[in-house]
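Novice: Let's see this in three dimensions:
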Amino acid sequence: MSKKTDFSLTPTADAKKIFQAIYKKQNKKDARGDEVAKIKVSELVSKMAFYYEKVRNTVDYKEENLLRKNAIERILKRQIIIEGAMSLKDVNSFQISKHLLTELIRAGYLPNNKIPETKIGEIATVIERYLKLKAYSLTIHKNLKMQQRTDLSYWIISMLASDIEEKIGRSEVDKTVISCMYNAIEPYIKLPDNSQFEKDREIQIYIAIHRGMLKFDREMIGFILFKYYNANWDHASDNQIEDLAKNIFALQNAIEKQIEHPLVGQLKRIIDRYTVFFTILLDVVEDDCVGIYDCFSRDPKAFPRHIRRVCETRYKSNRRKLWRAGLRSLLYILITKTFLVILLEIPVIKWFGDEVNLFSLIINISFPALLLFFVILFTRLPSQENSNKIIEGIEEVVFEEHQRKESFKLKNPTTQSSTMNSIFGLVYFVTFFLSFGAVVYALQRINFNFVSIVIFLFFLALISFFGIRIRRGTRELIVLPPKENIFSFVLDFFYVPIVAVGKWLSEKFDKVNVFVFILDFIIEAPFKIFIEITEEWTKYVKERKDKIV
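Specialist: Okay, here's the model as predicted:
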């Protein structure tokens, strides 16, 4: 027997699973070959659909990792609710599945000529279950108001969209990483003795990992909980679906309580750090799966060097993503907000009897770009010390010799007394008044009129919120606790109310986004029909050409 060197490190069973999953992915071969029929669309027609999707995503800013899921949900709403109501016919799950997969391929969300046609039947089976749930729910709860019926239908479709996204988008690597991350964290998260939340601890850790590692949104987290409460959903009979429909509102309430659980904040701080560790680990392993694994016994000191190199690459990559996200945000604001403001500002100013101030008009047009530029410019990359902390964290989850010894002890969530809430609310109101009051005073000093001031404040709040959101990608790689000083404290004190208003404005304008309404309800349906006709025409021309030749 050979003697193990002092520097040899032993990978954990979960670490081995990650290496195996990535190795299989990188060396996977399609055993079905060309004999299996694939869904194929015209390349020319796909370009039109692809550019349409780009335009739509510009005027409806969403996180990049959610674009396909949101596209699935949008297509399903159009086919099931809008077109289904217009045709006055029962919707056909197979046809919906076929159109859905075809549109996703045309828009570039799925590869062309790679998805087997059997996938249509698989997705159709999923759609059929939710259509039954929708039909049973609306029939059983027939006294619902029109808005309640619409909200319930949309909620069921959002669950369906998340289900389909999971079935076409979740790789084996993702599933393995989630499982290994859960195994690495769950044993060390402890609640106080006799905590009332002990029964929720495991599911809260599980959804927190999905929220952090895979960047799941509210609907996708809701779908995880939907399956949690209905473990047999993938094989549910008609009777089981009908029983679920009877208790659909109780299910919604249970899901909402878990999403808004008091432990969410504490778990997020823990999960965010481990998300960085596993994200960088994946990059390291994917870079050289076999070589990295061999170095554990051959040259263990090489592993930290690989991690540090990947950290530097990821920092620079996130800087580029930061600029790209900034450009997307700017385009979104320019297209959906500035255009309307320009149309409204001059007429409203004249209606109030004021003179148009060219100076204020120029500032209101150029201000969003300048503020966003400086937000990105002064976003710092993580430090070397941060990379060292990442190395420690990755070694903790990869090697048995470095496994964690101490537990994360959560605290029982506390609620402020009504007196303290009143005091803090008053302080926040004063801060809000001072923040916006100072800006208004400064604008009045340079002769801004009332309308121009309102528009400036609108953009200040909106860009402040977008700045925080687009910097998140870079800040997510920081595992060191933030350094606090008097400057950051004062800045947060006065800046948080502005960001809060920006978040509120963003959410409200998302609901009344005129451009999205025009695209979804006026342009998209006729455009998709045009795409279908064009696709059929190209097939017809090709067949005629083949006969002639």
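Novice: least trustworthy helix or strand in the chain by mean pLDDT?
Specialist: Taking mean pLDDT, DSSP states H and E as the measure, the helices and strands of the chain show their lowest mean at helix 83-87, namely a mean of 51.
Novice: Run through who's touching whichever helix or strand comes after it.
Specialist: Later in the chain than helix 83-87, the nearest helix or strand by DSSP states H and E is helix 93-106. By Cβ atoms under 8 Å, 6 or more residues apart in numbering, the surrounding residues in contact with helix 93-106 are 39, 41, 45-46, 49-50, 68, 71-72, 75-76, 79-80, 110-112, 115, 119-121, 123-125, 127-128, 131, 164, 168, 528, 531. C-beta here means a position set from N, CA and C on the backbone, and glycine is covered the same way.
Novice: Please, where are all the strands along this structure?
Specialist: With DSSP state E as the definition, the chain shows strands at residue ranges 189-190, 408-409.
Novice: Just name the most buried of these.
Specialist: Highest mean neighbour count among those (mean count of other Cβ atoms under 10 Å): strand 189-190, with a mean of 16.
Novice: And for K145, the neighbour number?
Specialist: For K145, the tally of surrounding residues (other Cβ atoms under 10 Å) stands at 8.
Novice: Can you check what pLDDT the model gives it?
Specialist: Per-residue confidence for K145 comes out at a pLDDT of 91.
Novice: just I280 next, same as before
Specialist: For I280, the predicted pLDDT is 94.
Novice: is it true that it touches I390?
Specialist: Yes - between I280 and I390 there is a contact at 5.6 Å, judged by Cβ atoms under 8 Å.
Novice: who touches both of those two?
Specialist: Any residue near both I280 and I390 by Cβ under 8 Å, 6+ apart counts here, and that gives I307, C311.
Novice: Of the two, which one has the most company?
Specialist: Using other Cβ under 10 Å, the more surrounded residue of I280 and I390 is I390, with 27 against 24.
Novice: rewinding a little: can you list the strands of the chain in CSV and add distance to L244?
Specialist: As requested, these are arranged in CSV below (distance: least, Cβ to Cβ, whole Å):
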stretch, distance to L244
strand 189-190, 31
strand 408-409, 35
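Novice: how many neighbours does E286 have?
Specialist: Neighbour count of E286, defined by other Cβ under 10 Å: 15.
Novice: Against P368, how distant is it?
Specialist: Distance, E286 to P368, by Cβ to Cβ, to the nearest Å: 37 Å.
Novice: again with K119
Specialist: Counting by Cβ to Cβ, the gap between K119 and P368 amounts to 43 Å.
Novice: So those two - more neighbours on which side?
Specialist: The residue with more neighbours, out of K119 and P368, is P368; 21 against 17, by other Cβ under 10 Å.
Novice: from what I can see that one touches F465, true?
Specialist: No - distance between P368 and F465: 12.0 Å, which falls outside the contact criterion (Cβ under 8 Å).
Novice: Make a PyMOL selection of whichever of the contacts of helix 93-106 turn out to be buried.
Specialist: Those of these that meet the burial criterion (16 or more other Cβ atoms under 10 Å) are gathered into one PyMOL selection, given here:
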select buried, resi 39+41+45+46+49+68+71+72+75+76+79+80+110+115+119+120+123+124+127+128+131+164+168+528+531
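Novice: Next step: the contacts of helix 93-106 restricted to helices.
Specialist: 45-46, 49-50, 68, 71-72, 75-76, 119-121, 123-125, 127-128, 131, 164, 168, 528, 531 (DSSP state H).
Novice: what's the burial count for I292?
Specialist: The burial metric for I292, expressed as a neighbour count using other Cβ under 10 Å, is 20.
Novice: so who does the closest residue to N183 other than its chain neighbours touch?
Specialist: Counting by Cβ to Cβ, 6 or more residues apart in numbering, N183 lies nearest to D14, which is 5.3 Å off, once chain neighbours are set aside. The neighbours of D14, taking Cβ under 8 Å, 6+ apart as the test, are S179, C180, N183, A184, V397.
Novice: E172 reaches Y23, doesn't it?
Specialist: No - the pair E172 and Y23 does not pass the contact test of Cβ under 8 Å, sitting 11.1 Å apart.
Novice: got the residue ranges for the helices in the stretch 301-450 of the chain?
Specialist: Applying DSSP state H, counting those that start in this stretch to the stretch 301-450 of the chain gives helices spanning 302-333, 339-351, 358-377, 384-398, 418-445, 450-470.
Novice: Taking helix 450-470 as reference, get the angle to the fifth one.
Specialist: The directions of helix 418-445 and helix 450-470 differ by 120 degrees, with axes from the mean of the first three to the mean of the last three Cα atoms, to 10 degrees as the criterion.
Novice: Could you name the helices and strands sitting against helix 418-445?
Specialist: When contacts are defined as 3 or more Cβ pairs under 8 Å, 6 or more residues apart in numbering; DSSP states H and E, helix 418-445 packs onto helix 450-470, helix 486-511.
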